[in-house]
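**Student:** Structure for this input, please:
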Amino acid sequence: MAVKPLVLLPDPILRKSSAPVERVDDQLRRFADDMLETMYDAPGIGLAAIQVGEPLRMLVIDVAKEDEEKNPQVFINPEVVATGDGLSVYEEGCLSIPDYYAEVERPANVTVNYLDREGREKSLEANGILATCLQHEIDHLNGVLFIDHISKLKRDMVVKKFTKLAKQRGSTRL
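**Tutor:** Numbering: from 1, shown residues only. Prediction:
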């Protein structure tokens, strides 16, 4: 397993829509393991393939608390197929927008269809932080960032800040 470099705002790849995974095989499973290692190293609770430069519809999540056993989950070609009526607000952050957090309102409950790491069709009803994390990461697969859910003024300030940082670094990869 290997830690992959993270793609940072304002890299334009973050705005690309990711392609469906055509085949679940050992190479894809190794990539999923690399994504998990990268997520844990960052540290974060979710990571979409696009955030390590691969425009594939795959994401990894582990919302286990620090005092709990790790619970890594791999979602291939995930799709929100239903949302509940209620809304919830969480303070979200993003590994591609380090050290910036904002409150985002999203559906409190979602149903997601996906393939697991063995290529089996699955459906998951999620609520709480798992529902929020799934929506955040699925947004990435569609070229949407969590800052797209905040005011234009705040979003423009964040983009300006990260564009300036990228110019100073000479790169949009960490």
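**Student:** most centrally placed residue in the chain?
**Tutor:** E137 (2.9 Å; Cα atoms, centre = their mean).
**Student:** for the host helix or strand of it, the distance to its chain's centre please.
**Tutor:** Assigned by DSSP states H and E, E137 belongs to helix 128-141. Here helix 128-141 is found 7 Å from its chain centre; the criterion is Cα atoms, centre = their mean, to the nearest Å.
**Student:** Could you point out the helix or strand that follows it?
**Tutor:** Downstream of helix 128-141, the first helix or strand assigned by DSSP H and E is helix 152-169.
**Student:** what about this structure, any weak spots by pLDDT?
**Tutor:** 171-174 (pLDDT under 70).
**Student:** Strands along that one, start to end?
**Tutor:** 46-48, 58-61, 73-83, 87-94, 97-107, 109-115, 121-127 (DSSP state E).
**Student:** If you count neighbours, what's buried in the fifth one?
**Tutor:** Within strand 97-107, the residues that qualify as buried are 97, 100, 102, 104, 106-107, counting by 16 or more other Cβ atoms under 10 Å. C-beta coordinates here come from the backbone N, C-alpha and C atoms, glycine included.
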